[in-house]
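Q: Sequence and predicted structure, then a few things I'm wondering about:
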Amino acid sequence: MTDANNAVVRFVDVQKSYDGESLVVKKFNLDMQKGEFLTMLGPSGSGKTTCLMMLAGFEPATHGEIYLNDKPINNVPPHKRGIGMVFQNYALFPHMTVAENLAFPLQVRKKSKSEVEERVKGALDMVQLGEFGSRRPAQLSGGQQQRVAVARALVFDPDVVLMDEPLGALDKNLREQMQYEIKHIHENLGVTVLYVTHDQSEALTMSNRIAVFDDGVVQQLAAPAVLYEEPENAFVANFIGENNVIGGKITRIDGQSCQVDVGESREVQALAVNIGAVGEATTLSLRPERVTLNPGDDCPNIFEGKVEELIYLGDHIRTRMKVCGHDAFIVKIPNSSTHAQLREGATVKVGWTMEDCRALDALH
Amino acid sequence: MSTTVESIAAEQMVTADGIPLKVSLARARRRARNRALLLVAPLFLFIFVTFFIPIFSMLFRSVENELVGETLHRTVPLLQNWDESGDAIPGEEVFAALVQDFAEAQETKTAGRPGRRLNYEKPGFSSLFRKTARKAEKLEPPYKEAMIKISKDWGDIEYWRVLKRESGKYTKAYYLSALDFSYDPEGNIVKNPGEESIYIKLFWRTLWMSMLITVLCLVLAYPISYLLSTLPARSSNLLLILVLLPFWTSLLVRTSAWIAILQQEGVINDFLVFLGFLTDDGRLAMIHNQVGTIVAMVHVLLPFMVLPLYSVMKTIPPSYLRAARSLGANPFTAFVRVYMPNTVAGIGAGGILVFIIAIGYYITPALVGGQSGTLISNLIAYHLEASLNWGLAAALGAILLGGVLVLYLLYDKVVGIDNMKLG
Ligand SMILES: Nc1ncnc2c1ncn2[C@@H]1O[C@H](COP(=O)(O)OP(=O)(O)OP(=O)(O)O)[C@@H](O)[C@H]1O
Ligand SMILES: [Mg+2]
């Protein structure tokens, strides 16, 4: 709780229901540190936008309290919260020029004319649109509009900037470029950013921390590498990156490790992360790049795999195999000359370490 | 070799079969255009026959004046040599031609209409023509004395001056009277004295009442359109039906309903008397005057304002207002600086629609306008139906049309017609 005191944004047990029948956000707790770039990642309809709207003040929280700089803001109207927001469709005002759009938040704050001018110019330069000040938003490309929207949300020095899938409408190349630009702006200004996306690579690229959102609850909140390497439950393991999922039943627990029966009386040694008691169901999660071909004899898990399909992807070869009765088992084989050439229909030995195979909660 | 080929190619691109690119492009476009024209042709023909021809023939009546010259076809050419600025009436030669013309007119029974036409300019012409035509056959020379004997008006130079002035193929007399001008006895154009100038007053009244009605419609329609555009689809559809409901009721019924509500023994007056705000003999006059016209016309024209406004507001994403709020604008500033400018297209379209309909509106002011609430169109109707002075009616209509066009151009200059959005 001491740590919570210097949080910029704090959600405490926030719940939200639109219709009084179902909860869209169930029990949302989140602390954002100053200067942090925090991403909410989750499938469509999981309540991400709803959380942003509650923070920005456009939707009231049904239950719970939201704090901004340690002050409760449930009763503060949106225009007094001082939160910058980038909307998915940019929401640039079409009847104003780019410069007028940027000047708007400063004018409503009654800044002097010279200060407005100076700050607008600075903001335009920041997003490399110096010459475009006199254009209308409709005369800009999608990427340029996006930059104007970002500049407008930052020009009045808000404590927190919210971005709701700001890159959703851009094509892939532009999106990657904008990801870096936004990240650099964040690093240069040190502003606190709450970012929403359902694109996991975007989240992994940009964030300090990621809150994986599903079904109205945060499934796991951690740094990108931790999320990928150490998912805490089956949803996160599946949602972030590619993952081999094998269902089974726990037969023995041995401190950190456990033994899981995956059918046809085959036993897998796995890391016990999030499991019940012996006899209960569990989900094994194994990253495709952690599977080795023809492992040494000291490997705890060695099984026969039958190659079903080979897909050439340049830097690696994606191989679909049938392992332990599972025919959607994916193995990523680096494209290097030292590796054996595989052939469809061939049978090879595959193996993995105990640490790489995580036993998680059962999928429903 | 290759350089010459390139320079030719730069001048003139050709298609694969050697026809210049411009020619084949024009050919391809012409085909598409012809097809489009063919599709439009029936409607164009319909509009031409039912809209342009009637309007132009009607407008033409405001200057057309063939009747006098046709009937008095012997007299009129001779009159050209007569000097109307002197004091002498025309000589025997003119009277002889006049007698022949009247004799012929009596046979073909065509003396009445030019008489009525000239009667607009100087009362007395109608009976003069009828009387003269009846007796013209039996007249003996010298005709001058004989004619003056029939009516001494023929010896009055003022009648001759009017006859000469209005004998041409075209006349500006209708426009003059439509703008409250007339000729004095010497033939100079003078402004009518105050109590006789009714048309200009009525034009002004039509103009300001139409503007007031437009503004009132806007004030009433703006909030309802905003509500319509923000409600969920189901309730907004229901509300839209309510807005359009008046369209399903006859205009006459709606206007009469206002009589029942606004008249001295009507619902509102009864209610106010019942509450004690009014004494029984202090009942308000709210119908058969300007108030009645304005109230009833605002009601009738409201949907024409709501629909364009609604269609524009529906396309404004709610995120604009949210963005403005998040940028620090209070609800009022956000609405005025961000929302309203985006509805200008709808305001313009609805405004011009209501204004143009109002400025030519006839039925409602005729029913509930009384004396002070009638508009120029009611006077046009009067001249078409009662006084049968179609020339004057046409002149009034043409001035009204011209005024609307001027306002339209003004609007285009100020707001820009491209900014208008009707649906
Ligand atoms: N104004 C509203 N009224 C009623 N229900 C709503 C409203 N807004 C959102 N919802 C519901 O709340 C749930 C969460 O919506 P939300 O917009 O927060 O999802 P999201 O995570 O942002 O999804 P996406 O990635 O598609 O934007 C959805 O089931 C949605 O139908
Ligand atoms: Mg969303």
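A: That came through fine. Numbers count the residues shown, from 1 in each chain, chains lettered A, B, ... in the order given. Ligands and ions are numbered 1, 2, ... in the order given.

Q: Can you pull out the low-pLDDT segments for chain B?
A: Scanning chain B with the threshold set as pLDDT under 70 gives B:1-12, B:419-423.

Q: Can you pull the domain assignment for it?
A: B:2-60, B:66-171, B:198-419 (automatic domain parsing).

Q: how about CSV for those, with distance to residue A:140 added?
A: Yep, even glycine has a C-beta here, placed from its N, CA and C like the rest. Formatted as CSV, these follow (distance: least, Cβ to Cβ, whole Å):
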stretch, distance to residue A:140
domain B:2-60, 32
domain B:66-171, 59
domain B:198-419, 16
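
Q: now these as JSON lines including distance to chain A?
A: Below are the domains of chain B laid out as JSON lines (distance: least, Cβ to the nearest Cβ, whole Å):
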{"stretch": "domain B:2-60", "distance to chain A": "28"}
{"stretch": "domain B:66-171", "distance to chain A": "50"}
{"stretch": "domain B:198-419", "distance to chain A": "4"}
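
Q: Looking at these, which is nearest to residue A:269?
A: Evaluated with Cβ to Cβ, the domains of chain B place domain B:198-419 nearest to residue A:269, the distance being 52.7 Å.

Q: thinking again about what came up before, who wins for proximity to residue A:331 among the domains of chain B?
A: The nearest among these, by Cβ to Cβ, is domain B:198-419 at 45.5 Å.

Q: which residues does the residue of chain B found nearest ligand 1 contact?
A: Using Cβ to the nearest ligand atom, residue B:232 is the residue of chain B that sits closest to ligand 1, at 9.3 Å. Residues near residue B:232 by Cβ atoms under 8 Å, 6 or more residues apart in numbering or on different chains: none.

Q: surely residue B:366 meets residue B:379?
A: No: at 10.6 Å, residue B:366 and residue B:379 do not qualify as touching, with contact defined as Cβ atoms under 8 Å.

Q: Now for residue A:81, how many residues are close by?
A: Neighbour count of residue A:81, defined by other Cβ atoms under 10 Å in any protein chain shown: 21.

Q: How about it: what's its closest non-neighbour residue?
A: residue A:57 (5.3 Å; Cβ to Cβ, 6 or more residues apart in numbering or on different chains).

Q: The closest residue to residue A:356 other than its chain neighbours and chain B, how far apart?
A: Once flanking residues are discounted, residue A:356 sits nearest to residue A:290: 4.1 Å by Cβ to Cβ, 6+ apart. Distance from residue A:290 to chain B, counting by Cβ to the nearest Cβ, to the nearest Å: 44 Å.

Q: didn't residue A:290 look like it was pressed against residue A:358?
A: No: using Cβ under 8 Å, residue A:290 is not in contact with residue A:358, being 10.3 Å away.

Q: Listing request: residues of the stretch 201-350 of chain A with sub-threshold pLDDT.
A: The model of the stretch 201-350 of chain A has pLDDT under 70 over residues A:338-340.

Q: what's around the closest residue to residue B:184 other than its chain neighbours, how many residues?
A: Spatially, and ignoring its direct neighbours in sequence, residue B:184 is nearest to residue B:190 (5.0 Å; Cβ to Cβ, 6+ apart). Other residues lying near residue B:190 total 11 when counted by other Cβ under 10 Å.

Q: my guess is residue B:190 contacts residue B:182, does it?
A: Yes: judged on Cβ under 8 Å, residue B:190 makes contact with residue B:182 at a distance of 6.5 Å.

Q: Perfect, that will be all.
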